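S.K.: quick one: sequence plus predicted model below, questions after.
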Amino acid sequence: HHLPYYSISFYTKMKSPPTTTAMIGLLTSGITTLLISLTTTTTAFTLLPTPVIVHHHHHPTTSIVLQAGGFEWEDPTEKFDQEVDNPFKKNTELGAEENEDAMKIDPARLLGPRLQGSNVYFIGMMGSGKSAVGDIFAKRIGSYNFLDTDSIIEKVSSMTIPEIFAAEGEDAFRSVEAQVLDSVHAYVRCVISTGGGIVCRMPNWSKLQTGIVVWLDVAPEVIMGRIEGSDRPLLQTDDPLETLRELLGERRKQYSQADIRVEIGGEMGEDEVVDMVVKEMHNFIDENPPAWKTAKAKAQSEGLDWVQ
């Protein structure tokens, strides 16, 4: 699920760092090349399909039609409800022996069909574990790829995040970050970890909200214990802990708009956090079913036939 390593370098012939405009232009081309190459490595990573209206016996129904090798085809995983339920709720109704059998399948694996291709975005402060948790989460789902916006920026630009901050400043980095998000959000079946400040620009929210947003909420003191002594650009101050607190205060309102909030204690390991994310994701899907599923339940409650 890691991005493959590419030796794409647009700056080797440049004697000085590129301007913000040049960097964004080069990144746009590089990101597209990088993401297209990924689509050839797995069928799970595809461009966002375009819904079209298909008429059957004069009754219009929405169907997902994808372009594949010049031919149109309907994705069977999107066409039918696979009737996968929340395994955590199901278990509360089972006896001990049935419970044990039911949980032999990783609950994360059952998220694949329930998410129906929706991307999952991890947000939160630097050092909150977005990359590590996101990677494990994607692997456990099995049918999703993991992407890290910071890693994409570094791979395509051949510069580290601190180098970009030093050469161009935070505003330039945020512009590049927004361009990366604009590119990756056009794909489906991805788990995407984002930079801590991606929520600072409101236009980014329109991209994030096309998927399910998970906030990893970690106290500044815990974060400081993890990243103390690192070269994080925004923490090169006399009091890094106070800086962290101020940044969290500025961003808390945006973070709190996430669909799912997971509070992480200092003693929690990555796998334990992923377990919490999996459970909360199943619960969120239950509480926010697709419109067609709500209509189906309503029709059945009224004794009407539901035609798939």
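M.R.: Nice, I can see it.
S.K.: does residue 200 really touch residue 255, like I thought?
M.R.: No. The pair residue 200 / residue 255 is not scored as a contact, 10.8 Å apart, by Cβ atoms under 8 Å. C-beta here means a position set from N, CA and C on the backbone, and glycine is covered the same way.
S.K.: and those two? which has more neighbours close in?
M.R.: Remark: of residue 200 and residue 255, residue 255 carries more neighbours, 19 against 16, as counted by other Cβ atoms under 10 Å.
S.K.: the closest residue to residue 86 other than its chain neighbours: how many residues sit nearby?
M.R.: The spatially closest residue to residue 86, leaving aside those adjacent along the chain, is residue 282, at 4.4 Å (Cβ to Cβ, 6 or more residues apart in numbering). Here the number of neighbours of residue 282 (other Cβ under 10 Å) works out to 22.
S.K.: OK, contacts around residue 282?
M.R.: Residue 282 is in contact with 86-89, 107, 110-111, 114, counting by Cβ atoms under 8 Å, 6 or more residues apart in numbering.
S.K.: quick check on it: phi, psi?
M.R.: Main-chain torsions, residue 282, degrees, to the nearest 10: phi -60, psi -40.
S.K.: span of stretch 160-180 from start to end?
M.R.: For stretch 160-180, the first and last residues are 15 Å from each other (Cα to Cα, to the nearest Å).
S.K.: how about it: buried residues?
M.R.: By neighbour count on 16 or more other Cβ atoms under 10 Å, the buried set for stretch 160-180 is 161, 164-165, 167-168, 172-180.
S.K.: what's the pLDDT at the residue nearest to residue 86?
M.R.: Per-residue pLDDT puts residue 282 at 96.
S.K.: and residue 66, by the same measure?
M.R.: Listed pLDDT for residue 66 reads 45.
S.K.: next, the buried residues of the strand or helix carrying residue 275.
M.R.: Assigned by DSSP states H and E, residue 275 falls within helix 270-287. Residues of helix 270-287 classed as buried by neighbour count (16+ other Cβ under 10 Å): 273-282, 285.
S.K.: try stretch 212-225
M.R.: So for stretch 212-225, counting by 16+ other Cβ under 10 Å, buried means 212-220, 222-224.
S.K.: and which of these is nearest to residue 297?
M.R.: Relative to residue 297, the closest of these is residue 212; by Cβ to Cβ it sits at 21.0 Å.
S.K.: residues near residue 226, how many?
M.R.: Using other Cβ under 10 Å, residue 226 has 13 other residues around it.
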